[in-house]
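test case, fold it:
(one chain, ligands or ions: 2)
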Amino acid sequence: MLPDVRQESRDSIAARFTEWEVPQYRVDQLLQWLWPRRAASWDEMTNLPKALRSRLAETYSLRTLELARKQGSRDTTQKFLWRLHDGAFVESVLIPANPALYGDRADRHTLCVSTQVGCAYGCRFCASGLEGWKRNLAPWEISGQVLAIERWHASQPAQPTTPEATDAAAAQPAANPTATATPTATSPGRLINNLVIMGMGEPLANYDNLLAALRSLNAPWGGHIGARKITISTSGLAPRIRQLGTEPEQFQLAISLHGATDAVRSQIMPVNRKHPLAELTAACDEYVQRKGRMITLEYILIQGINDGLDQVPHLARLAQRLNAKVNLIPYNKVDGLEWIRPSDERCRAFGSALDATGVVTTLRIEKGHDIDAACGQLRLRTERELATA
Ligand code: SAH
Ligand code: SF4
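Ligands and ions are numbered 1, 2, ... in the order given. Predicted structure coming up:
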């Protein structure tokens, strides 16, 4: 199979064009089609000579993700299920009106991106790991989620003015600037300016492909999304956290902690047996020191497992040591798993107790709760439906 052109950097395309004796201004013309204009075919690239387009088509593939299913919830969090060329499924979740957890308040839309088909880490509460790991996503399949959603968005008619839509617009006036514009498949209007690598899979277990994809998404000639607007979430692959610390980009790091002692964490996250808290926190320390940036600790609240107030001092100690903020997330029920989401009251009590220790705490009442926003669930359901069909 030909390499996908969206896995190429500006430099590698420039070198190729030099080799082909194609003038260098064509490089930026091509990149314009690939990234801001999100071209889905060579034919669209009308300002490139036909001969160049043919040569490109013989050298590279230009693949796009196929939308298999889409779910939207009342609060307009939308979930996209993609069918990959080998029949595998992955998901992306589009979250408007970002509550400023990972970026600033001017954010328009946050996209939650997948990095693997399935996951090998088998956290006991998570749908993504339920049926194991199938494969890594290629760089273009990671960046392709952003492009496919922006393409999808540009092809949508302007939103109807329902009471809900009016509420959303009032809450967030500049949230959807392209919705009222005449949409075209290649409209350069940007939808997504904030990425969270929190979809299916363990991003740091697909390190090279992840970095290649994020570099194109970050590059001024590519997706042009600031590194500080890209949050990588990991279940705690300590050696890879250290490695990420040596990269030049200032990506944001979020750690899926979910347990503030080894006893609690190992019970729900097998990865903790390989990289226990002491090792994980040492790697985080190193990352924070190298980058000079605050990290985020994610803490799902699961009833009877980690939501007791006795856990608060342990969590506070860890957060203080790392100078990290904590996102508390009430557990999202997963079909077939026994774990229970604590009552909102119990979550608030935990949040207040943590807040009282001085740790910067956010209690995130999940926006997509009603559409299985927790990653992996739409895929799991679709695969089960296909299996029984
Ligand atoms: N593998 C990476 C990134 C993907 S998971 C990681 O684990 O960090 C993204 C986040 O969703 C993680 O914090 C994960 O623990 C959380 N998550 C998984 N299942 C969930 C559920 N059912 N409810 C709430 N959060 C969940
Ligand atoms: Fe994998 Fe993250 Fe789910 Fe754990 S929480 S199984 S690491 S996707």
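
got the contact list for the closest residue in space to Gln320 that isn't next to it in sequence?
Using Cβ to Cβ, 6 or more residues apart in numbering and skipping the chain neighbours, the partner closest in space to Gln320 is Val359 (6.5 Å). Where you see a C-beta, it was placed from the backbone N, CA and C, and this is true even at glycine. Contact analysis of Val359 by Cβ atoms under 8 Å, 6 or more residues apart in numbering lists Leu315, Ala316, Ala319, Gln320, Lys325, Val326.

how about a cut-off of 10 Å?
Leu297, Val312, Leu315, Ala316, Arg317, Leu318, Ala319, Gln320, Asn323, Ala324, Lys325, Val326 (Cβ atoms under 10 Å, 6 or more residues apart in numbering).

ok, Arg53 next?
Leu30, Ser41, Trp42, Asp43, Glu44, Met45, Thr46 are the contacts of Arg53 under Cβ under 10 Å, 6+ apart.

and it, what element?
helix 50-59 (DSSP states H and E).

who are the packing partners of the helix or strand just after that helix?
The first helix or strand that comes after helix 50-59 along the chain, using DSSP H and E, is strand 66-72. Secondary-structure packing of strand 66-72 (3 or more Cβ pairs under 10 Å, 6 or more residues apart in numbering; DSSP states H and E): strand 78-83, strand 89-96, helix 139-154, helix 377-388.

least confident of these, on average?
Ranked by mean pLDDT, the helices and strands packed on strand 66-72 bottom out at helix 377-388, with a mean of 66.

what's the burial count for Ala324?
Ala324 sits with 22 neighbouring residues when counted by other Cβ atoms under 10 Å.

helices - which of the contacts of Arg53 land there?
In helices, judged by DSSP state H, the following of those are found: Leu30.

ok so, going back, any chance of the helices and strands packed on strand 66-72 in JSON lines, with mean neighbour count too?
What follows is those, written out as JSON lines (neighbours: other Cβ atoms under 10 Å):
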{"stretch": "strand 78-83", "mean neighbour count": "21"}
{"stretch": "strand 89-96", "mean neighbour count": "24"}
{"stretch": "helix 139-154", "mean neighbour count": "24"}
{"stretch": "helix 377-388", "mean neighbour count": "16"}
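
output these as CSV; include the columns distance to ligand 1.
Output for the helices and strands packed on strand 66-72, formatted as CSV (distance: least, Cβ to the nearest ligand atom, whole Å):
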stretch, distance to ligand 1
strand 78-83, 14
strand 89-96, 10
helix 139-154, 13
helix 377-388, 8
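
tell me which helix or strand comes right after the worst-scoring helix or strand of the chain on mean pLDDT.
The weakest-scoring helix or strand in the chain, judged by mean pLDDT, DSSP states H and E, is helix 163-171 (a mean of 35). Using DSSP H and E, the helix or strand that follows helix 163-171 towards the C-terminus is strand 192-197.

what stretches of the protein score poorly on pLDDT?
73-75, 97-107, 158-189, 365-389 (pLDDT under 70).

give me that answer again for 80
Within the chain, the ranges that satisfy pLDDT under 80 run 73-76, 96-108, 157-190, 364-389.

what does it put close to ligand 2?
For the chain, the contact set with ligand 2 under Cβ under 6 Å from any ligand atom comprises Cys119, Tyr121, Gly122, Cys123, Cys126, Ser128, Gly129, Gly201, Glu202, Ser235, Ser256.

name the member of those residues that has the highest neighbour count.
Gly201 (30 neighbours).

is it true that that residue touches Gln116?
Yes. The criterion here is Cβ atoms under 10 Å, and Gly201 meets it with Gln116 at 2.7 Å.

shared neighbours, these two?
Val90, Ser128, Trp133, Lys134, Arg135, Asn136, Leu137, Ile142, Leu210.

now the contacts of Val359: which count as buried?
The neighbour-count test (16 or more other Cβ atoms under 10 Å) marks Leu297, Val312, Leu315, Ala316, Leu318, Ala319, Ala324, Lys325, Val326 as buried among the contacts of Val359.

which SSE is the first one in?
This points to Leu297. Leu297 belongs to strand 296-301, assigned by DSSP H and E.

partners of that strand, with directions?
Applying DSSP bridges, strand 296-301 is found paired with strand 252-256 (parallel), strand 325-330 (parallel).

give the contact list for Gly129.
So Gly129 contacts 118-123, 200-202, 235, 270, 375-376 (Cβ under 10 Å, 6+ apart).

could you dump these to a markdown table with secondary structure and distance to Ala227?
As requested, the contacts of Gly129 are arranged in a markdown table below (DSSP: H, G, I helix; E, B strand; the rest coil; distance: Cβ to Cβ, whole Å):
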| residue | secondary structure | distance to Ala227 |
| --- | --- | --- |
| Gly118 | strand | 27 |
| Cys119 | coil | 24 |
| Ala120 | coil | 27 |
| Tyr121 | coil | 25 |
| Gly122 | coil | 30 |
| Cys123 | coil | 27 |
| Met200 | coil | 22 |
| Gly201 | coil | 20 |
| Glu202 | coil | 20 |
| Ser235 | coil | 21 |
| Pro270 | coil | 30 |
| Cys375 | coil | 22 |
| Gly376 | coil | 26 |
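
cool, thanks, talk later.
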